[in-house]
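Undergrad: Structure for the following, please:
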Amino acid sequence: MSQQQFENFTASSLYCDKCKAAMPVRERLLLVLPEKEIYDYLCTGCASSVGQREITAGEKLMAQNRTARRPRRAPTPRRLVP
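TA: Numbers count the residues shown, from 1 in each chain. Sure thing, here's the model as predicted:
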């Protein structure tokens, strides 16, 4: 596996000390700086902070370029049934 597969990893659940279990989390933008953005992971059960993630400006730009290069699939035509 290449390292590029995990560059834009986001968590869907993390362990919460207050809930004493792995809980679903939501990501909240905490701080925007010229060189990076910092996100906070909040437990959906008790709303406590359970982690953080940083995205550098270069990583964000690379992610935008990857999504812009992906060709959109044309919708499949529907057949009319008599």
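
Undergrad: Quick check: closest non-adjacent residue to the spatially most central residue of the chain.
TA: By CA atoms, centre = their mean, the chain has its centre lying nearest to Thr10, at 4.1 Å. Closest residue to Thr10 apart from its sequence neighbours, by CB to CB, 6 or more residues apart in numbering: Glu27 at 6.5 Å. (C-beta placed from N, C-alpha, C; glycine too.)

Undergrad: for Leu29, same thing?
TA: If the residues on either side of it in the chain are set aside, Leu29 comes closest to Tyr39, at 5.8 Å by CB to CB, 6+ apart.

Undergrad: how close does the one you found sit to Leu31?
TA: In this view, Tyr39 and Leu31 are 9 Å apart by CB to CB, to the nearest Å.

Undergrad: Over to Ala21?
TA: Taking CB to CB, one finds Ala21 at 28 Å from Leu31.

Undergrad: ranges for the strands of the chain?
TA: Using DSSP state E, the strands found in the chain span residues 13-16, 21-32, 36-43, 49-56.

Undergrad: Let me have the ones you listed in a markdown table, extended by mean pLDDT and distance to Asn65.
TA: Listed next are the strands of the chain as a markdown table, based on pLDDT from 0 to 100; distance: least, CB to CB, whole Å:
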| stretch | mean pLDDT | distance to Asn65 |
| --- | --- | --- |
| strand 13-16 | 96 | 29 |
| strand 21-32 | 95 | 20 |
| strand 36-43 | 95 | 17 |
| strand 49-56 | 92 | 14 |
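
Undergrad: Need the winner for burial among these.
TA: strand 36-43 (a mean of 18; mean count of other CB atoms under 10 Å).
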